[in-house]
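Visitor: Need coordinates for the following:
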Amino acid sequence: FYSMAAFFRNTTQGGFDHNRREGDVFIRVPQSPADAARMKALPAEVERARSVNSEAATNAMPGIPDWSRTVPAARLKPGLDLPGEVVRLPLHEGTGSTFTVRVDGEERQISTPATNLVWRMDGPLGPAPVLNAQATIDLGDVAGFDSTDRFSVGGWVHVPEGHKGSASILGRVEGDRDPASRFAGWELSIQDGWPALSLTHHWSTDAMKVRANGERLRRGEWMHVLATYDGSSRASGVRFYIDGVEQKVRKEADGLEQSVRTPAPLRLGRRSSGDVADGFALQDMRIFGRVLHSEEARALAATPYIGRLLARKESDRTPRETDLIRGYYLVTQSPEWRNTADTLGSLEAESMRVRNRSPYTHVQAEKTNSIPTAHVLYRGQYDQRRDAVTGGVFAALHAWPAGAPTNRLGLAQWLVSPENPLTARVMVNRYWQEI
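Guide: Below is the predicted model of the structure:
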C-alpha cells in the first residue's frame with residue numbers, strides 16, 4: 001500500500017491548493033482550433049506590439065522641446081478625453097447639489113440629498129464638492145463589471161486631515177447584511193491613506209483585494225489616483241498610479257473564483273451601507289472599460305497643471321515633472337504612439353478573453369531529482385513514520401512492465417497492461433452498473 005502511494009508523493013504539487021483554479025501545475029485547454037492557434041501566437045504578438053509601442057514613444061521624444069516652447073496656452077485644455085470612457089464625473093459645478101455626469105458619452109443630471117453641500121475652491125479643475133453621509137451620489141446601473149472584465153477607475157482625491165480607516169470612493173458593492181453575498185461587487189477605496197481595489201463574490205472566502213504599498217496619499221493635498229485591472233481575477237492583474245507614478249502593491253486577498261456582479265448601483269462616496277468618504281473631496285472621477293496605459297495615467301495627472309509645468313525651464317523640472325510632460329505629449333500629440341498603444345491594448349484584451357474562456361485542468365508534474373518514496377506509518381498515523389519504501393506494485397499481481405520507468409507513467413503502463421485483471425474487472429463492473 002505505501003509503495004503504491006509513493007508514486008503520488010513524487011510530484012511538484014504542494015499539500016494545499018487553496019481551492020484555486022491555478023494549482024501548482026495546470027494547463028489551460030482551448031475550446032476550439034482557432035483558440036488554440038491564438039493562444040499559441042498571442043504571447044509573441046503582444047511582446048512585439050509592446051516593443052513597437054515603446055519604439056513609437058522613443059521616436060516621439062525629440063518633438064517635445066519644440067512643442068513645449070511653442071504650444072499656445074489655449075490648446076492646453078483642462079480636461080482630457082481618452083477612448084473607452086464609461087463614466088465621467090467632473091464634479092466642478094461650484095454651487096448646488098446637482099452634478100453633470102457623462103455615461104457612455106451622454107450627459108445626465110444627478111442630484112444628492114444634501115441641502116448645504118460644501119465646496120472646496122482649490123480643486124485641480126475648479127470648485128470640488130466635499131462629501132458626507134448625505135452628499136454621496138447614486139449613479140444607478142452602470143459600470144457593472146464582472147471578474148473577467150478589464151477596466152480602470154480613478155480621479156482626483158483630497159484626503160481630509162486626520163482621516164483613518166476605510167472610505168469608499170467609487171464602486172458597485174453591497175454591504176455585509178446578506179451572508180450569501182457579503183461585500184459582493186467591485187470598489188475603489190482609500191484605506192488608511194492607501195488606495196485599494198477589491199473584487200468580491202463573498203468576502204473573504206471568494207475575493208481579490210489589492211492596495212498600493214508605496215506612496216501614501218498625503219492628507220490635506222490633492223493627488224491623482226488611478227487603478228487598473230486586467231480581467232484575470234488575480235491580484236497580479238492590478239496596477240496603481242498616484243500622480244502618474246506606478247506604485248508597489250500589497251495583496252490582501254487573492255482567491256477570487258466566481259462572478260462579482262451585483263444589483264447594487266454604482267455609488268460615489270459610500271457603499272450600500274457604511275464606509276462613507278466623510279470629508280473627502282473628489283473631482284474628475286472616471287471609469288474606463290479598458291486598461292489604461294501608464295502614459296495615460298501620467299497624462300491624466302498632468303492635465304490640470306500642464307501649462308504650469310511647460311512654463312518652467314527644462315533644467316528646472318524634476319524627473320517626475322518631465323515624466324508627466326512626456327505622458328501628456330504622447331497621449332495628445334503623437335498619433336503613432338496612440339495607434340500602437342491601441343494595438344497593444346487590443347492584443348492584451350484578446351489574450352485575456354482566450355484565457356478566460358479556456359478551462360483549467362490540473363496536471364501533476366513529476367520531480368526529476370528524486371525517486372518515489374514513502375514511509376510506512378505506524379497504525380496509519382501521519383506523524384509516526386517507520387521504514388522508507390520506494391514505489392512498487394502488489395506482488396500478488398503481475399510484474400512491473402519491462403523497461404517501464406519507476407514513476408507514475410510506469411504505474412499507468414502497469415495498470416493498463418493486458419496481464420492486469422483489475423482494470424478489466426472494474427470496467428465490467430461499470431458496464432453491469434449501467435445495465
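Visitor: What's the separation between Val428 and Glu350?
Guide: Distance of Val428 to Glu350, computed by CB to CB, to the nearest Å: 48 Å. All C-beta atoms are positioned from the backbone trio N, CA, C, and that covers glycine.
Visitor: More neighbours: the two, which one.
Guide: Counted by other CB atoms under 10 Å, Val428 and Glu350 do not tie: Glu350 has more neighbours, with 14 against 10.
Visitor: Let's see the helix or strand harbouring Glu252 as PDB, backbone CA atoms only.
Guide: Element membership of Glu252 [criterion: DSSP states H and E] is strand 249-254. In PDB, the C-alpha atoms belonging to strand 249-254 read as follows (Å, rounded to 0.1, in the frame of the first residue of the first chain):
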ATOM      1  CA  VAL A 249       1.200  46.700  -4.400                       C
ATOM      2  CA  ARG A 250       0.300  44.500  -1.500                       C
ATOM      3  CA  LYS A 251      -2.100  41.500  -1.800                       C
ATOM      4  CA  GLU A 252      -4.700  41.300   0.900                       C
ATOM      5  CA  ALA A 253      -6.800  38.600  -0.700                       C
ATOM      6  CA  ASP A 254      -6.200  36.600  -3.900                       C
END
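Visitor: What residues of that strand count as buried?
Guide: Val249, Ala253, Asp254 (16 or more other CB atoms under 10 Å).
Visitor: now the residues you listed in JSON lines, with pLDDT and distance to Arg261?
Guide: JSON lines is the format used below for those (pLDDT from 0 to 100; distance: CB to CB, whole Å):
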{"residue": "Val249", "pLDDT": "97", "distance to Arg261": "24"}
{"residue": "Ala253", "pLDDT": "94", "distance to Arg261": "18"}
{"residue": "Asp254", "pLDDT": "93", "distance to Arg261": "20"}
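Visitor: Give me the contacts around the strand holding Glu252.
Guide: 196, 198, 203-204, 207-213, 234-235, 238-240 (CB atoms under 8 Å, 6 or more residues apart in numbering).
Visitor: Is it possible to mark the buried ones in the residues you listed?
Guide: The buried subset of the contacts of strand 249-254 (16+ other CB under 10 Å) comprises 196, 198, 203, 207-212, 234-235, 238-240.
Visitor: Quick one: classify Phe8 as helix, strand or coil.
Guide: helix (DSSP: H, G, I helix; E, B strand; the rest coil).
Visitor: Could you report the neighbour count for the residue nearest to it when sequence neighbours are not counted?
Guide: Of all residues not flanking Phe8 in the chain, Arg408 sits nearest, at 7.2 Å (CB to CB, 6 or more residues apart in numbering). Arg408 has 16 neighbouring residues, counting by other CB under 10 Å.
Visitor: Name all residues that make contact with Arg408.
Guide: Arg408 sits next to Phe7, Phe8, Asn10, Thr11, Gln364, Glu366 when contact means CB under 8 Å, 6+ apart.
Visitor: which one of these has the most neighbours?
Guide: When neighbours are taken as other CB under 10 Å, the top entry among those is Phe7 (23 neighbours).
Visitor: Can you give me the distance of it to Lys367?
Guide: Noted for Phe7: a distance of 11 Å to Lys367, by CB to CB.
Visitor: same thing with Pro62?
Guide: Between Pro62 and Lys367 the distance is 54 Å, computed by CB to CB.
Visitor: quick one: the helices in this protein?
Guide: For the chain, the helices defined by DSSP state H cover 2-6, 33-60, 64-70, 294-302, 306-311, 319-333, 335-356, 408-415, 421-434.
Visitor: all strands for the stretch 51-200 of the chain, in order.
Guide: Assigned by DSSP state E, counting those that start in this stretch, the strands in the stretch 51-200 of the chain fall at 85-89, 98-103, 106-111, 118-120, 128-130, 137-140, 151-158, 166-173, 185-191, 194-202.
Visitor: Let's have the ones you listed in a markdown table, adding mean pLDDT and distance to Val46.
Guide: Formatted as a markdown table, these follow (pLDDT from 0 to 100; distance: least, CB to CB, whole Å):
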| stretch | mean pLDDT | distance to Val46 |
| --- | --- | --- |
| strand 85-89 | 97 | 24 |
| strand 98-103 | 95 | 31 |
| strand 106-111 | 94 | 33 |
| strand 118-120 | 95 | 43 |
| strand 128-130 | 96 | 39 |
| strand 137-140 | 93 | 34 |
| strand 151-158 | 98 | 18 |
| strand 166-173 | 96 | 29 |
| strand 185-191 | 97 | 25 |
| strand 194-202 | 96 | 23 |
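Visitor: I'd like these written out as a markdown table, with distance to Ser3 added.
Guide: A markdown table is the format used below for those (distance: least, CB to CB, whole Å):
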| stretch | distance to Ser3 |
| --- | --- |
| strand 85-89 | 60 |
| strand 98-103 | 66 |
| strand 106-111 | 71 |
| strand 118-120 | 74 |
| strand 128-130 | 72 |
| strand 137-140 | 64 |
| strand 151-158 | 53 |
| strand 166-173 | 53 |
| strand 185-191 | 51 |
| strand 194-202 | 43 |
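Visitor: Quick check: which ranges of the stretch 1-150 of the chain have low pLDDT?
Guide: 15-24, 73-78 (pLDDT under 70).
Visitor: Next: the stretch 201-350 of the chain.
Guide: For the stretch 201-350 of the chain, no range has pLDDT under 70.
Visitor: For Ile137, state which of the contacts of Arg408 is nearest.
Guide: Relative to Ile137, the closest of these is Gln364; by CB to CB it sits at 51.2 Å.
Visitor: how about the nearest residue to Val118, chain neighbours excluded?
Guide: Val130 (4.3 Å).
Visitor: re the thing from before, neighbour count winner among Pro62 and Lys367?
Guide: Using other CB under 10 Å as the criterion, Pro62 and Lys367 rank with Lys367 on top: 13 against 8.
Visitor: give me phi/psi at the closest residue to the more buried one other than its chain neighbours?
Guide: Leaving out its chain neighbours, the residue that sits closest to Lys367 by CB to CB, 6+ apart is Asn10, at 5.1 Å. Main-chain dihedrals, Asn10, degrees, to the nearest 10: phi -110, psi 40.
Visitor: does Val373 really touch Phe8, like I thought?
Guide: Wrong residue type there; residue 373 is Thr, not Val. No - using CB atoms under 8 Å, Thr373 is not in contact with Phe8, being 11.4 Å away.
Visitor: ok, now which ones touch the closest residue to Ala133 other than its chain neighbours?
Guide: Spatial nearest neighbour of Ala133, excluding adjacent residues (CB to CB, 6+ apart): Val276 at 5.1 Å. Counting by CB under 8 Å, 6+ apart, Val276 makes contact with Leu131, Asn132, Ala133, Thr136, Ala167, Ser168, Gly269, Arg270.
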